[in-house]
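Novice: I would like to see how this sequence folds:
(chains A and B)
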Amino acid sequence: MGNISIRELSYAYQTDGNTLPILRAASLELPSGAFATVSGPSGSGKSTLLNLIGALDRPQHGNIKVGVVELGELSDWQLAGFRSRMIGFVFQSFHLLPVLSATENVAWPLYFQGIKRSKRMEIAREKLELVGLKGHLNKVPGKLSGGQRQRVAIARALATEPSVVLADEPTANLDRKTAEEIVVLMRSLNENAGVTFLMATHDPMVVAHALQRIELVDGKLIEQKQIQRQEVLAHA
Amino acid sequence: MLDLFYLATLNTLRNTRRSLITILSIAVGCTALISFGAFINFSFEGLRETTIRTQLGHMQIYAKGYWEKRIVDPGSAKIENLSTLQKALENIPEISSVTQRLTFSGIGGIGNATVNMSVIGVDPERDEEFVDFEIVEEGRNLLIGDSDVGVIGRELAHGLGAKIGDWVTVMTTSVDGIINAVDFQIVGIVRTGSTEYDSVFVKIPIQLAQSALETDGVDRVIVLLEKTETLPIVRPKIEAALANMPEQYEFKQWDELAGFYEAVYSLYTGFFRIFAVIVSIVVMFSVANTMSMAVFERLGEIGALRAIGAPRRTMVWMFLYEGIFIGLLGSGSGVALAYGLSTLVDTFGGIPMPPPPSMSEGYQAYFPITFEVLASAVALAMTASLISSIYPSWVASRANIIEALQKK
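Specialist: Below you'll find the predicted structure:
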């Protein structure tokens, strides 16, 4: 269950003794299997929102619920388990481990679930084939292009079969063509696997592919009219 | 666990130059520690065997009460049933030799030259194994059947201006308190390696010593073993063998009698400990620096690992394993280097060393590596590596995930 429910979420940064509010009692309902973007200008709080949903940080006020899990009630240890089982992350800078091969990178999140190495490697190979990297299984990130690295990162995010994939500016470091390929790939994975995708982006191309478009305006989440899947497909 | 160790290994090897410098510093420290420890052990062993085989034996047996009265009234507690005692000890296989001694201090000289002497009455037949460390410079040692002859230390001979064939008179007090004197002819001049001992050393046949003290007894029986290491198991056997004898006995081991050895042992052990502390500090700083830099440089990866589900504990272990791996490589290289150095020293016939304090002879030093020295050096290097990795590991585990992810 990858539905996301946000209620009255507030978050502010403390800088030089000043309080800088980012999220102000923001609320959102995102159904399971959504393919959504959060857009807004730089500093509007897109990454903060993803960090809070992904349990990398704790809300100062309000509640976040992913599936049936209320994040506010979890300990540090439980949050790590939550991230391991329910969330997949795709970062702007990929954040792959440079000493490991593509397969080992993808297999690594499964280690935290106690899965045997042979099984982990088997799953990792499957996921890499799924993102079109069958011929690059043993290459280290340094030997891959930016687009290929992001595919590895997507495969890693999907390795544990999470309910939700959170992608923070997934196309920011990619050229136009590669960026579009990555978005199309994520959308097909969303369609085929039913995984909820929530992407923070200010890239109009990515927004154009989204089924749910959310804007962050003055710390509030404003959901645009839900777009019919057929419309988006036609547009693409 | 293996996966974490695998990842730690790869991470250690990725910054080859920095890791090599750290590993080298551990290896050099470890080599120095092993070599120094081996050298000290070699020195201890040499000193121990010299002490045992020239003077003390492995164990000394006295008549009950001798030790307490040995200074004020040494003649009151002599061993009388010598042959029965020797027979009882013959059945203990670890014993190499048993001999008897009658010792006394006296004033002796040639003509007008008089000096203090430490006289030992020995049985030449039984004393062969105790002369291993006596080097005859002139003349000969005592032989079976000798009666009124003796050998003296080199320094004593030099002090008296004595030469082979000279007659020496020694005055002492008999067991009954009467002043007595005996004469002997010098048949040999020896050196034992100890300058102090050589300046008072006089060895005469035991019958001559008994006549000087006017007694039929001996003050001690000295037991020499095949191997020093067997002493802990032999002592109870000796005590049991002599428990039901008509005479009562008391016992002293060589290490209870060798004050000089104990002082040297304590001094060198102290040096070794100080050296070990210095090496540990160097290793700790070196590893802590490497690990701290590794944590700082890999904050982005730490953030990513935490984001994909790594608990704090995993981060701690990951960096601890890196410290352990560095410690393993460093101490392993140190062991290899130490063995190389030891072999090199063996090949070149040892390192010439000057005479130790109060000794007259220099010696060739070797580095015979023992398991104890090896294990303690490796354990020290590993422990230092592990301890110095704890703080960087803790820092890695406490890193703020979001801030860490902002690092490339």
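Novice: going forward, measure contacts and count neighbours with C-alpha atoms only.
Specialist: OK.
Novice: separation between the residue in the stretch 101-250 of chain B positioned nearest to chain A and B:Ile95?
Specialist: Across the stretch 101-250 of chain B, the shortest distance to chain A (Cα to the nearest Cα) belongs to B:Glu229, at 50.6 Å. Distance from B:Glu229 to B:Ile95, counting by Cα to Cα, to the nearest Å: 12 Å.
Novice: and residue 203, how many neighbours?
Specialist: Assuming you mean chain A. 16 (other Cα atoms under 10 Å in any protein chain shown).
Novice: hmm, I had chain B in mind actually
Specialist: So B:Lys203, with other Cα under 10 Å, has 23 neighbours.
Novice: go on, the one 10 residues further on?
Specialist: When counting by other Cα under 10 Å, one arrives at 26 neighbours for B:Leu213.
Novice: That one contacts B:Val170, doesn't it?
Specialist: No: here B:Leu213 does not reach B:Val170: they are 11.2 Å apart, not a contact under Cα atoms under 8 Å.
Novice: which residues touch B:Ala113?
Specialist: Contacts for B:Ala113 (Cα atoms under 8 Å, 6 or more residues apart in numbering or on different chains) come out as B:Leu160.
Novice: partner residues bridging it?
Specialist: B:Ile110 (DSSP bridges).
Novice: Quick check: next helix or strand after the helix or strand hosting B:Ala336?
Specialist: Assessed by DSSP states H and E, B:Ala336 sits inside helix B:312-347. Note on helix B:312-347: by DSSP H and E, the next helix or strand toward the C-terminus is strand B:351-353.
Novice: and B:Asp176, how many residues sit next to it?
Specialist: With other Cα under 10 Å as criterion, B:Asp176 counts 12.
Novice: actually B:Thr54, not the one I typed
Specialist: Using other Cα under 10 Å, B:Thr54 has 17 neighbouring residues.
Novice: ok, it touching B:Glu134?
Specialist: Yes: if you go by Cα under 8 Å, B:Thr54 and B:Glu134 touch, sitting 7.0 Å apart.
Novice: Now for these two: what residues contact both?
Specialist: Shared contacts of B:Thr54 and B:Glu134, counting by Cα under 8 Å, 6+ apart, come down to B:Thr192.
Novice: circling back: pretty sure the residue of the stretch 101-250 of chain B closest to chain A is in a helix, no?
Specialist: Yes: counting by DSSP: H, G, I helix; E, B strand; the rest coil, B:Glu229 is found in a helix.
Novice: any idea of the pLDDT on the closest residue to A:Pro31 other than its chain neighbours?
Specialist: Leaving aside its chain neighbours, A:Pro31 sits nearest to A:Asn3 (4.4 Å; criterion: Cα to Cα, 6 or more residues apart in numbering or on different chains). At A:Asn3, the pLDDT value in this model is 89.
Novice: So which elements touch the helix or strand harbouring B:His158?
Specialist: Secondary structure assignment for B:His158, by DSSP H and E: helix B:154-160. If you count contacts as 3 or more Cα pairs under 8 Å, 6 or more residues apart in numbering or on different chains; DSSP states H and E, helix B:154-160 packs onto strand B:113-122, strand B:179-191, helix B:195-198.
Novice: Could I get the phi/psi values of the residue nearest to B:Leu143 when sequence neighbours are not counted?
Specialist: Using Cα to Cα, 6+ apart and skipping the chain neighbours, the partner closest in space to B:Leu143 is B:Pro124 (5.5 Å). Reported as degrees, to the nearest 10, the phi and psi values for B:Pro124 are phi -60, psi -30.
Novice: low-scoring stretches of the chain, by residue?
Specialist: This is for chain A. Regions of chain A meeting the criterion pLDDT under 70 cover residues A:225-236.
Novice: Hmm, no, I was thinking of chain B.
Specialist: By pLDDT under 70, the low-scoring segments of chain B are B:73-76, B:131-133, B:357-360, B:408.
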